[in-house]
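Q: model this:
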Amino acid sequence: MTRTLELAQQLIARPSLTPNDALCQSLIIERLTPLGFDFEVIVSGPPELRVTNLWAKRPGLASGKLLVFAGHTDVVPSGPQDKWQSPPFTPTLRDGRLYGRGASDMKTSIAAFVVALEEFLAATPAPALAIGMLLTSDEEGPATDGTVVVCQALEQRGEQIDYCIVGEPTAVQRTGDTIKNGRRGTLSGRLTVKGVQGHIAYPQLAKNPIHLLAPALAELVGVEWDQGNAFFEPTSWQVSNIHGGTGASNVIPGSVVVDFNFRFCTESTPQTLQARLEALLQRHALDFDLIWTLGGQPFLTTPGTLVQVVSAAIEAETGIKTALSTTGGTSDGRFIARICEQLIELGPPNASIHKIDEYVALADVEPLKNIYRRVLEKLNAPGQS
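A: Sure thing, here's the model as predicted:
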């Protein structure tokens, strides 16, 4: 039983269903207090959806740069608990794995953050490097009162972050085989196309909005929004829901509603995507309303100091030459990137996240902690901090 594994189990045992932190952050404060950290707890959101955010910082030398470890203590619901081989909030060791909700996403990463800091500061009690930790209980939820609130507060105070590692599960097979150096943006839309309701037997007296939309929808499916670039796949457009009709089989509906989403790269902007889509709808002479929701801008850390240091730490610890990736969904990195130019995501394998019997392989736990510690050591070296 390593200290990393023990702390991961303690965190998993706290049922921190989003946005409830279940005192996970209090446990982290207990561990970081002897290490010289200062703490700021920022509570946000309405009382029934109380979000807990933790900003912890340990100063370095006056000229030292700031490295922040970031993550979330909240988890998604377990799903049917009778489908789990062991209770989701009872951390269980079985067959070389640690099972429990949050084992991979992302309580093991948080435990690895803390133990890496303990080991680093025991060996280097007065580092030049300033160190921070940013935790939220609102990553798995709407993410409106979590990391974004902390980053806004830091920005208003003029605080900048030099380097940030987000502990999201990024690996495919083994810890270290993949890191995220960026994420695509997300832009959603709700399109309402209007027609004229009527009896299905008298189509000449009605106007079927589904029929009117169909040619435009077919064209939208085939649009090449951009070609991507060396770091990003091309922007994609996907329909997530279509709803029309009154529930009766003999009524032409008066409207049809389409929900869709862009996952867009740095070659496109929300403004250009909105303009192109709306122009296409207008060209098809549709009567429509359109509501847009921007979930997050894309961000990218081009290979530089942080990517080089993390890649070297992974290879030194595991022998793996890591791959850079910008695939997958959104993360809180999109908020932190506004005040931090060098940000990557690094965590354990993600194959079981959000699933029944979520787990992390025991063989992935200590290497992750050691990689984090090696990054601290390297960024604290003369010439880096």
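
Q: in its sheet, what does the helix or strand hosting residue 258 sit against?
A: Using DSSP states H and E, residue 258 falls within strand 255-264. Sheet pairing for strand 255-264, assigned by DSSP bridges, gives strand 185-194 (antiparallel), strand 236-244 (antiparallel).

Q: what sits up against the first one?
A: Around strand 185-194, the neighbours that count as contacts under C-beta atoms under 8 Å, 6 or more residues apart in numbering are 209-210, 212-213, 254-265, 270, 273-274, 277, 281, 286-298, 329-330, 334. For every residue, glycine as well, the C-beta is placed using N, CA and C.

Q: Tell me the buried residues in the strand holding residue 258?
A: By 16 or more other C-beta atoms under 10 Å, the buried positions in strand 255-264 come out as 255-256, 258, 260-264.

Q: wait, doesn't residue 219 sit right on residue 279?
A: No. Residue 219 is beyond contact range of residue 279, at 11.5 Å (criterion: C-beta atoms under 8 Å).

Q: Pick out whichever of these two has more residues nearby.
A: A side-by-side neighbour count of residue 219 and residue 279, using other C-beta atoms under 10 Å, places residue 219 first with 13 against 9.

Q: Where do the helices of this protein begin and end?
A: For the chain, applying DSSP state H gives helices covering 3-12, 24-32, 108-123, 147-156, 209-221, 270-283, 305-318, 333-336, 365-379.

Q: Include distance to residue 65 and mean pLDDT when you put those helices into CSV, please.
A: Below are those laid out as CSV (distance: least, C-beta to C-beta, whole Å; pLDDT from 0 to 100):
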stretch, distance to residue 65, mean pLDDT
helix 3-12, 26, 98
helix 24-32, 19, 98
helix 108-123, 15, 98
helix 147-156, 15, 97
helix 209-221, 46, 98
helix 270-283, 32, 98
helix 305-318, 9, 98
helix 333-336, 15, 96
helix 365-379, 7, 98
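
Q: With respect to residue 179, which of those helices lies nearest?
A: Minimum separation from residue 179 across the helices of the chain (C-beta to C-beta) falls at helix 305-318, 6.1 Å.

Q: rewinding a little: now the buried members of the contacts of strand 185-194.
A: Of the contacts of strand 185-194, these count as buried by 16+ other C-beta under 10 Å: 209-210, 212-213, 254-256, 258, 260-265, 273-274, 277, 281, 286, 288, 295-298, 330, 334.

Q: Excluding residues flanking it in the chain, which one is nearest the residue nearest the centre of the chain?
A: Geometric centre of the chain, nearest residue: residue 331, 1.7 Å, by C-alpha atoms, centre = their mean. What sits nearest to residue 331 in space, not counting adjacent residues and going by C-beta to C-beta, 6 or more residues apart in numbering, is residue 168, at 5.2 Å.

Q: Likewise for residue 267?
A: That would be residue 226: by C-beta to C-beta, 6+ apart, it lies 3.9 Å from residue 267.

Q: can you check residue 337 too?
A: residue 299 (3.7 Å).

Q: What is the burial count for the one you found?
A: 24.

Q: for residue 302, what are its contacts?
A: So, once contact is read as C-beta under 8 Å, 6+ apart, residue 302 ends up touching 181, 231.

Q: how close does it get to residue 268?
A: Separation of residue 302 from residue 268 (C-beta to C-beta, to the nearest Å): 18 Å.

Q: can I see the domain layout of the protein?
A: Using automatic domain parsing, the domain parsing of the chain gives 3-183+298-379, 186-295.

Q: Next, the contact list for residue 99, please.
A: So residue 99 contacts 84-86, 91-93, 357-359 (C-beta under 8 Å, 6+ apart).

Q: tell me the pLDDT at it?
A: What the model reports as pLDDT for residue 99 is 98.

Q: In JSON lines: the strands paired with strand 255-264, plus distance to residue 377 and mean pLDDT.
A: Formatted as JSON lines, the strands paired with strand 255-264 follow (distance: least, C-beta to C-beta, whole Å; pLDDT from 0 to 100):
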{"stretch": "strand 185-194", "distance to residue 377": "34", "mean pLDDT": "98"}
{"stretch": "strand 236-244", "distance to residue 377": "40", "mean pLDDT": "97"}
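
Q: before we move on, back to that, which of the helices of the chain sits closest to residue 137?
A: Of the helices of the chain, nearest to residue 137 by C-beta to C-beta is helix 24-32, at 7.5 Å.

Q: Flag every buried residue along the closest one.
A: Those would be 24-25, 27-29, 31-32, for helix 24-32 by 16+ other C-beta under 10 Å.

Q: What angle do helix 108-123 and it make with each other?
A: 20 degrees (axes from the mean of the first three to the mean of the last three C-alpha atoms, to 10 degrees).

Q: Quickly note the distance from residue 235 to residue 350.
A: For residue 235, the distance to residue 350 - C-beta to C-beta - is 23 Å.

Q: Looking at those two, which one has more neighbours?
A: Each of residue 235 and residue 350 has its neighbours counted (other C-beta under 10 Å); residue 235 has more, 24 against 17.

Q: Phi, psi for the more buried one please.
A: In terms of degrees, to the nearest 10, the main-chain angles of residue 235 are phi -60, psi 140.

Q: Let me see the contact set for it.
A: By C-beta under 8 Å, 6+ apart, the neighbours of residue 235 are 184, 225-226, 228, 262-265, 267-268, 273.

Q: I'd like these written out as CSV, with distance to residue 12 added.
A: Output for those, formatted as CSV (distance: C-beta to C-beta, whole Å):
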residue, distance to residue 12
184, 30
225, 41
226, 41
228, 38
262, 35
263, 31
264, 35
265, 35
267, 40
268, 39
273, 40
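
Q: Out of those, which comes closest to residue 373?
A: residue 184 (30.6 Å).

Q: From residue 327, how far off is the nearest residue to the closest one once chain neighbours are set aside?
A: Of all residues not flanking residue 184 in the chain, residue 263 sits nearest, at 4.6 Å (C-beta to C-beta, 6+ apart). Separation of residue 263 from residue 327 (C-beta to C-beta): 9 Å.
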